[in-house]
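Student: I'd like to go over a predicted model; first the sequence, then the structure.
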Amino acid sequence: MSKKNAQKKRDQLQDPQYWVAELYKSNDRACVIVGAVFLEIQLEQLLLNFLVDDKEKVEKLFDFNQPLGSFSSKISMAYCLGLIGSLLFDDLNIIRNIRNDCAHELQAIDFTNPSIVAKCKNFKLFTDPIDHTGQPAFPRDHFLSVVTLISIHLAKEIEEAKKEKRMIQGDLALGDEEIVRLPR
């Protein structure tokens, strides 16, 4: 992702009305892709807020074909750093898999597709959703509810990560017979 595109995405992240409007006005396929992209942007911001304050080196990690260049790697890293829990990890991976199904099929896929319906039933954070009439929610509504719930949680965690930002440690050097930590 170019630096210009990354900044544009971060700007859109600051405006939830932008992405919420996109989710609700889009067809099913676009809804899935936009929802997943938004959560991926939030995960990237979460990681950026947590990792050391070395913009040049850290931002390179998020470039294409770099360690944090994919949605999957961002999910895994956030989990391994303790920034998200196991239920969030699992549901983000379900969203990622639904996104992959929608993005990589030539034929239109929607929330009536048996594979997508089954994946939505596997969400762990928001199980057995019902609509305003007390009936089981449609898979699209279930998906949107989970994306919204995760987004709200990540927004809080993004702010918390700033408080836990990693510090750059001093380098090590060999002394006469010991390793000495050099000052920063």
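Tutor: Perfect, I can see it now.

Student: switch to C-alpha atoms for all contacts and neighbour counts from now on
Tutor: Noted.

Student: now do L125 against L23, distance only.
Tutor: 20 Å (CA to CA, to the nearest Å).

Student: neighbour-wise, which of those two wins?
Tutor: Legend: neighbour count by other CA atoms under 10 Å for L125 and L23, higher for L23 (21 against 14).

Student: pretty sure that one contacts R29?
Tutor: No - at 10.0 Å, L23 and R29 do not qualify as touching, with contact defined as CA atoms under 8 Å.

Student: which residues are in contact with F50?
Tutor: 161-162, 164-166 (CA atoms under 8 Å, 6 or more residues apart in numbering).

Student: ok, now how distant is it from L81?
Tutor: Distance from F50 to L81, by CA to CA: 9 Å.

Student: quick one: mean pLDDT for the helix or strand where E157 lies?
Tutor: Element membership of E157, judged by DSSP states H and E, is helix 139-163. Here helix 139-163 scores 94 as its mean pLDDT.

Student: contacts for that helix?
Tutor: By CA under 8 Å, 6+ apart, the residues outside helix 139-163 that reach it are 23, 28, 35-36, 39, 42-43, 45-47, 49-50, 83, 88, 111-112, 116-117, 120-121, 123, 125-126, 129.

Student: next one: it to chain centre, how far?
Tutor: Taking the mean of its C-alpha atoms, helix 139-163 sits 9 Å from the chain's own mean (CA atoms, centre = their mean, to the nearest Å).

Student: then stretch 21-31?
Tutor: Offset of stretch 21-31 from its chain centre (CA atoms, centre = their mean): 18 Å.

Student: now do the buried residues in it.
Tutor: Applying a neighbour-count criterion of 16 or more other CA atoms under 10 Å, one finds 23, 28-31 buried in stretch 21-31.

Student: gap between the two ends of that stretch?
Tutor: OK, stretch 21-31 end separation, CA to CA: 10 Å.

Student: also stretch 120-133?
Tutor: Start-to-end, stretch 120-133 (CA to CA) is 20 Å.

Student: avg pLDDT for that stretch?
Tutor: For stretch 120-133, mean pLDDT is 87.

Student: check which residues of the helix or strand hosting K74 are buried.
Tutor: Element membership of K74 [criterion: DSSP H and E] is helix 71-80. By neighbour count on 16+ other CA under 10 Å, the buried set for helix 71-80 is 71, 74-79.

Student: in terms of secondary structure, what does that helix contact?
Tutor: helix 28-50, helix 86-104 (3 or more CA pairs under 8 Å, 6 or more residues apart in numbering; DSSP states H and E).

Student: ok and it relative to helix 28-50, angle-wise?
Tutor: Relative orientation of helix 71-80 versus helix 28-50 (axes from the mean of the first three to the mean of the last three CA atoms, to 10 degrees): 40 degrees.
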